[in-house]
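Colleague: I need the structure of the sequence given here:
(chains A and B)
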Amino acid sequence: MANDHQLFEEWLFSDEDTPHDDVKTLEEHRIVCDSCGQLSVAWTEVENELQFAPTLSPAPGFTERWQMRLAFGRHKRQQQQNIAILLLSAGGAATLLIVSSLLIIPLFKSPWPFILAWIYQLASLYSISSVYGGALTVLIRSVVKLIPPIFWVALPVALGALLVIWLLFYQKVLLSRRIML
Amino acid sequence: MQDNESQWLTRAQKGDSQAFAHLVETYQRPVYNMCYRMLNNAEDAEDAAQETFLRAYKSIKRYDKNRPFATWLLSIAAHYCIDRIRKQRMKIVSMEDLPHIHMIDDSPGPEVIIGRSEEQNKVRRLLDSLSSTDRAAVIMYYWYDFSYDEIAEALSLTMSAVKSRLHRARRSMAQKWQDQSNQQIPAERRRHGERSPAF
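Modeller: Just a heads-up that it's a prediction; the model follows:
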């Protein structure tokens, strides 16, 4: 009998096709068995309720509210990105400050060795440059003596001529082409 | 309509929010109904439906055009509602522990328009007696005429799991209905008994 209940429930709540003979047997069981009969009635009523339950609509202006929500979400995301960038920059600046402080603070404790090293470096640089400067002066003087005086007249004239040619070329060729473009 | 939808989808996939707004306009009703039937509350349903569309918009590039858009959208809605119910259950003690007045939402909304009929409350109570996944399967089957295959795809289940879940849900709803009817009869008898000596 319990097996019949189970079979009946399987049949009642299933969408699968049941062989004709089985359907007949189960229909007979429904008439005989009170609990299965009641369950069958209950299910028919539930199915009716589900089939006739309406599809509900949201309050008017749903799309506009969605668009506002989308815009708000974008704004919020933008704000979060800005805050993240700000925090990253502040973090970077703080790291730089800490690192440079770690390098500078020892100098403040004892700056004299640092200052003396720099003075020594500058003095060495000055002595090297004065040696090279003397050698360059001697070289220029000897070269000047070798060049004939006419060269010193011809050089500025040639440079002036080259400048004039360049100006003319620039004006006539390059500027006119730019206008055409 | 189908051509329009296809165009909107193509444009939305390129990031056009206006085109997606057309899709929101078209599908707001089925999505809202799904959320309402799942969550049993107009305010939560509105929020869930809005969130569903936002999630769909964010992942529209991953949408496969060979699949029906409604199935994809309702799948997002169902998953979101299932997660929400699970979170609520973790947060709140239990839905059953709440006083009955909370189950009947009294804020003005669409349910006011259709009326708070006793039948609707019955459907609400029936769905509420099911687990969130079973409820989603029932809603997809009875409101949206989804096939077992579509339900399985939407809820990430196997087809046999869908069949057994629906079978179990039907039995549970029928038994709940029976229990409600059995409780109603003595209550009515008591009520009439107080007024009339005939009972």
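
Colleague: can you list contacts of stretch A:17-31?
Modeller: A:4, A:7-8, A:11-12, A:36-37, A:40 (CB atoms under 8 Å, 6 or more residues apart in numbering or on different chains). To be clear about C-beta, it is placed using only N, CA and C from the backbone, and glycine gets the same treatment.

Colleague: filter these down to the ones close to chain B.
Modeller: When contact is defined as CB under 8 Å from any CB of the partner chain, those meet chain B at A:Leu12.

Colleague: ok, of the contacts of stretch A:17-31, which come out buried?
Modeller: Using 16 or more other CB atoms under 10 Å in any protein chain shown as the burial test, the contacts of stretch A:17-31 include A:7-8, A:11-12, A:36, A:40 as buried.

Colleague: quick revisit: including pLDDT, could the contacts of stretch A:17-31 go into a markdown table?
Modeller: As requested, the contacts of stretch A:17-31 are exported to a markdown table (pLDDT from 0 to 100):
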| residue | pLDDT |
| --- | --- |
| A:Asp4 | 68 |
| A:Leu7 | 78 |
| A:Phe8 | 80 |
| A:Trp11 | 80 |
| A:Leu12 | 81 |
| A:Cys36 | 86 |
| A:Gly37 | 87 |
| A:Ser40 | 88 |
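
Colleague: hmm, which two among the contacts of stretch A:17-31 are most spread apart?
Modeller: Greatest spatial distance among these (CB to CB): A:Leu7 and A:Gly37, at 14.7 Å.

Colleague: still on that earlier bit, and which of the contacts of stretch A:17-31 is nearest to B:His79?
Modeller: Each of those was scored against B:His79 by CB to CB, and A:Leu12 proved nearest at 30.3 Å.

Colleague: and that closest one, what is it in contact with?
Modeller: Going by CB under 8 Å, 6+ apart, A:Leu12 touches A:26, A:36, A:39-40, A:43, B:170, B:174.

Colleague: at 10 Å instead, please
Modeller: With contacts defined as CB atoms under 10 Å, 6 or more residues apart in numbering or on different chains, the neighbours of A:Leu12 are A:18, A:26, A:30, A:36, A:39-40, A:42-44, B:167, B:170-171, B:174.

Colleague: pLDDT score assigned to the closest residue to B:Gln28 other than its chain neighbours?
Modeller: In space, and not counting its chain neighbours, B:Gln28 is closest to A:Phe62: 4.6 Å by CB to CB, 6 or more residues apart in numbering or on different chains. For A:Phe62, the pLDDT comes out at 95.

Colleague: ditto for B:Ser94
Modeller: At B:Ser94 the predicted local confidence, pLDDT, stands at 49.

Colleague: and if you look at the one 4 residues further on?
Modeller: The confidence metric pLDDT takes the value 45 at B:Leu98.

Colleague: likewise for the one 3 residues further on?
Modeller: Residue-level confidence at B:Ile101 comes out at 40, pLDDT.

Colleague: what's the spacing between the residue of chain A most remote from its centre and A:Leu7?
Modeller: Computed with CA atoms, centre = their mean, the maximum C-alpha offset from the centroid of chain A is found at A:Val32, amounting to 73.2 Å. As for A:Val32, its distance to A:Leu7 is 13 Å (criterion: CB to CB, to the nearest Å).

Colleague: check which helix or strand covers the residue nearest to the spatial centre of chain A.
Modeller: Here the mean C-alpha position of chain A is nearest to the C-alpha of A:Gln81 (CA atoms, centre = their mean), at a distance of 9.5 Å. Of the helices and strands defined by DSSP states H and E, A:Gln81 is found in helix A:62-109.

Colleague: from the chain's centroid, how far away is that helix?
Modeller: Here the centre of helix A:62-109 is set off from its chain's centre by 13 Å, with CA atoms, centre = their mean, to the nearest Å.

Colleague: so in chain A, where's the weakest helix or strand by average pLDDT?
Modeller: Within chain A, no helix or strand scores below helix A:176-180, which has a mean of 47 by mean pLDDT, DSSP states H and E.

Colleague: ditto for chain B
Modeller: The weakest-scoring helix or strand in chain B, judged by mean pLDDT, DSSP H and E, is helix B:100-103 (a mean of 42).

Colleague: I am finished for the moment; much appreciated.
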